[in-house]
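Colleague: compute the structure for the input listed below.
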Amino acid sequence: MKSNNFFKNNFIYIFFFIYFLIGIYIIGDYGISIDEEFQRYSGFYWLNYILEFTQLEVLKTEVLFRLNDISGHTLPNPENFPFYGVTFDLPMAFLETILDIKDSRNFFLLRHYATFLIFFTSSIFFYLILKNRFYNNKIIILGLLLYITSPRIFGDSFYNNKDIVFLSLVTINVYFFFKIVDTLNFKNLAYLSIFSAIACSTRIVGIFIPLSFLFFLFLSKVNSKKSLLEILKIIIFFSFLFFFFFFFFWPYLWSDPFLNLIYSFKIFSEYPANFKMLFNGQYIDSRFLPLSYVPVWIAITTPFITLLLSIFGYLLLSKRVFVRTVNIREQKIHNDFWRGDNEKKDFFIFFNFTLIFFYIILANSDLYNGWRHLYFLHIFMIYFACIAIYRFQIKIISKKFYFLILFVLVISNFYKIYKYHPFQGSYFNNYVINKKNFEADYWGLAGVQFISDIIGRNPNISKINIGVASYIPLERSLRMLKRNIAEKINIIGQDYENSDYIFNNNTSEVDKKKNNKYNIPKNFKLISEFYIEDLIIYQIYKKN
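Modeller: Predicted coordinates:
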């Protein structure tokens, strides 16, 4: 009896402990993504920039040496394209230097561990968000599971140190907004200002957090007992701290804060990307996306149970917001958009998701590689799902049966994570008729497994030439392998004539139907395909 009580009272601690152990155990299974070399370079570039203001000569020398040793990254050099936030990359460069990490595999494992720990921390904050809002342990645990086990989010949480880090920061900011709704004091305001500044300096779109907070502060003034002077004090305090830390965490702003900030907004609203992407069987220009691009990607890469609950939850909130808005002038007592703190929190989630989602679609924002730039919307979608679970369980007589069904459905997420491992980032749900019509391994994670496969087939050959029928820089995957293994591989790109094998992962920056850049020569034979369910991750072609 005592053991049962112990498990019940400490369930959440046991849950997070097991999740942490699993995460740490499987980190080494993942490959390297195409952007990680650039992000490492960016971290050292800005660390070198900051050290110029100091007298730390030994550290300067080491950082400059590591900076000059990095080559072959895809994106432009930070000196020519300095708009990326460095709140993740710069600390990683500092840690790599201080810990004197010299092995290339460990460079990136350090980053993968940090990415996972940040997302793991955000899952704790999401648990606290749900606990703050719903009070029902079953809903809280279900919501937490949905947050963690969406396969693409789960997989990316080990290597995507841009989109997942930003999602994690948004989650932390939502928690502190909820805390302010409960208790508006300078301590909570300080936390929100600091974390919203970190989010903005990570990705400029994070500006929606402080702006929406100030907007809600304005709306709250309608029925607030605080005087105008008190509201102004709050705005001044929050704004001062936000801009101070925003400036502090983003070195790019130091030389010219105002003009550089304006330029950053301009660049990211008109991102100069120009390549083709495979979408629904057609190669489309990244600058001219169809209106269906984001909705379709979300629909085909989100587990069906999550998608269904999220839509229901959003519709329920839409109805409530509409009713509140229509009746706001007719009410005398409750002349407001919400009734109590919980509705205010719901309205905050609904408002931000709606504004961002429809702006991105209608403004035809430049996006690529699915909806990964919008992964931060994941927290809002899971919150909507929890709203649906909460509202439906009120009207259902057999609540135990209801929750049992939901838990069983969520278990399918675990199965998909296991099935796709370590390629959860290429997950599609079962309602995609032809997965070949969409890009899968756009991160290039399959490279490590492909090379290991080739080595396994040719253990006694000292040098193997590999051609690449993809825009993926396969040579970077060598950085995740032991040196004695990597030295056997020579990546020669589209020099197919001198290739022994060709790597193909069905990704391209050109229209493969019109451009023969990645056409496999006729003297090569398909000898192996690695696929999950009916999704091909990569193919191996060998010269006859």
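
Colleague: which stretches in the stretch 51-200 of the chain count as helices?
Modeller: Here the stretch 51-200 of the chain has its helices, by DSSP state H, counting those that start in this stretch, at 57-69, 89-98, 104-133, 137-149, 151-156, 163-182, 186-202.

Colleague: neighbours of residue 164, just the number please.
Modeller: By other Cβ atoms under 10 Å, the residues close to residue 164 number 26. Quick note: C-beta positions are derived from backbone N, CA and C, even for glycine.

Colleague: from what I can see it touches residue 118, true?
Modeller: Yes. Residue 164 is within contact range of residue 118, at 7.4 Å (criterion: Cβ atoms under 8 Å).

Colleague: picking up where we left off before, out of the helices of the stretch 51-200 of the chain, flag the one nearest residue 236.
Modeller: Distance to residue 236, taken as Cβ to Cβ, is lowest for helix 186-202 among the helices of the stretch 51-200 of the chain, at 10.6 Å.

Colleague: just the buried positions in the closest one, please.
Modeller: 188-202 (16 or more other Cβ atoms under 10 Å).

Colleague: next one: stretch 106-122
Modeller: Residues of stretch 106-122 classed as buried by neighbour count (16+ other Cβ under 10 Å): 107-120, 122.

Colleague: do stretch 120-139 as well
Modeller: Neighbour-count burial for stretch 120-139, counted by 16+ other Cβ under 10 Å, picks out 120, 122-134, 136, 138-139.

Colleague: likewise stretch 44-57?
Modeller: 44-49, 51.

Colleague: circling back to that earlier point, which among the buried residues of stretch 106-122 gets closest to residue 467?
Modeller: residue 108 (24.3 Å).

Colleague: helix, strand or coil for the closest residue to the closest one other than its chain neighbours?
Modeller: Distances taken as Cβ to Cβ, 6 or more residues apart in numbering place residue 32 nearest to residue 108, at 5.3 Å, with adjacent residues excluded. Secondary structure assignment for residue 32 (DSSP: H, G, I helix; E, B strand; the rest coil): coil.

Colleague: do you know how far residue 32 is from residue 482?
Modeller: According to Cβ to Cβ, to the nearest Å, residue 32 stands 14 Å off from residue 482.

Colleague: these two: who's more crowded?
Modeller: residue 32 (27 against 11).

Colleague: relative to residue 517, how far out is residue 469?
Modeller: Applying Cβ to Cβ to residue 469 and residue 517 gives a distance of 9 Å.

Colleague: got any residues that touch both of these two?
Modeller: residue 494 (Cβ atoms under 8 Å, 6 or more residues apart in numbering).

Colleague: which one's more surrounded, those two?
Modeller: Between residue 469 and residue 517, residue 469 has the larger neighbour count (other Cβ under 10 Å), namely 25 against 13.

Colleague: show the pLDDT at that one.
Modeller: pLDDT for residue 469: 94.

Colleague: give the contact list for it.
Modeller: Applying Cβ under 8 Å, 6+ apart, the residues near residue 469 are 494, 502-504, 518-520, 541.

Colleague: so who does the residue lying closest to residue 146 once chain neighbours are set aside touch?
Modeller: Counting by Cβ to Cβ, 6+ apart, residue 382 is the residue found nearest to residue 146 once chain neighbours are left out, at 4.9 Å. In this structure, residue 382 makes contact with 126, 143, 146-147, 150, 306, 310, judged by Cβ under 8 Å, 6+ apart.

Colleague: thinking again about what came up before, of all the buried residues of stretch 44-57, which comes closest to residue 261?
Modeller: Nearest to residue 261 among these: residue 46, at 16.4 Å, using Cβ to Cβ.

Colleague: checking the closest one next. Helix, strand or coil?
Modeller: Using three-state DSSP, the secondary structure recorded for residue 46 is helix.

Colleague: again with residue 236
Modeller: helix.

Colleague: quick one: it and residue 429, what's the gap?
Modeller: Counting by Cβ to Cβ, the gap from residue 236 to residue 429 is 48 Å.

Colleague: show me which of the two is the more surrounded one.
Modeller: Between residue 236 and residue 429, counted using other Cβ under 10 Å, the more crowded position is residue 429 (17 against 10).

Colleague: chain neighbours aside, what residue packs nearest to the more buried one?
Modeller: residue 304 (5.5 Å).

Colleague: show me the residues around the one you found that make contact.
Modeller: Residue 304 neighbours (Cβ under 8 Å, 6+ apart): 429-431.

Colleague: give me that answer again for 10 Å
Modeller: Residue 304 is in contact with 409, 412, 429-431, counting by Cβ atoms under 10 Å, 6 or more residues apart in numbering.

Colleague: just name the closest of these to residue 387, please.
Modeller: Nearest member of the contacts of residue 304 to residue 387, counting by Cβ to Cβ, is residue 409, at 17.1 Å.

Colleague: so how far is the helix or strand containing the closest one from its chain's centroid?
Modeller: Using DSSP states H and E, residue 409 falls within helix 399-420. Averaging C-alpha positions (Cα atoms, centre = their mean, to the nearest Å) puts helix 399-420 23 Å from its chain's average.

Colleague: next one: stretch 474-487
Modeller: Chain-centre distance of stretch 474-487: 26 Å, with Cα atoms, centre = their mean.

Colleague: show me the shaky parts of the stretch 401-544 of the chain.
Modeller: Nowhere does the stretch 401-544 of the chain drop to pLDDT under 70.

Colleague: ranges for the helices of it?
Modeller: 446-457, 483-486.

Colleague: deepest in the core, which of those is it.
Modeller: helix 446-457 (a mean of 20; mean count of other Cβ atoms under 10 Å).

Colleague: which strands or helices does that one pack on?
Modeller: Secondary-structure packing of helix 446-457 (3 or more Cβ pairs under 10 Å, 6 or more residues apart in numbering; DSSP states H and E): strand 464-468, helix 483-486, strand 489-491, strand 501-504, strand 524-532, strand 535-543.

Colleague: what helices or strands is the third one leaning on?
Modeller: Contact analysis of strand 489-491 by 3+ Cβ pairs under 10 Å, 6+ apart lists helix 446-457, strand 464-468 as its packing neighbours.

Colleague: for this protein, which helix or strand comes out least confident on mean pLDDT?
Modeller: helix 2-9 (a mean of 69; mean pLDDT, DSSP states H and E).

Colleague: before we move on, back to that, mind checking the helices of the stretch 51-200 of the chain for the one nearest to residue 249?
Modeller: helix 186-202 (3.9 Å).

Colleague: filter the contacts of residue 304 down to the buried ones and hand me the PyMOL line.
Modeller: Burial among the contacts of residue 304 is assessed by 16+ other Cβ under 10 Å; the matching PyMOL selection reads:
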select buried, resi 409+429
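
Colleague: of all the contacts of residue 304, which two lie farthest apart?
Modeller: Across those, the longest distance by Cβ to Cβ is 14.4 Å; it joins 409 and 431.

Colleague: separation between the nearest residue to residue 325 once chain neighbours are set aside and residue 184?
Modeller: Of all residues not flanking residue 325 in the chain, residue 337 sits nearest, at 6.6 Å (Cβ to Cβ, 6+ apart). Distance of residue 337 to residue 184, computed by Cβ to Cβ: 17 Å.

Colleague: between those two, who's got more neighbours?
Modeller: Neighbour count, other Cβ under 10 Å: between residue 337 and residue 184, residue 337 has more, with 19 against 15.

Colleague: I figured the more buried one hits residue 220, correct?
Modeller: Yes. Between residue 337 and residue 220 there is a contact under Cβ atoms under 10 Å: 9.4 Å.

Colleague: any common contacting residues for those two?
Modeller: Going by Cβ under 10 Å, 6+ apart, residues that sit against residue 337 and also against residue 220 are residue 344.
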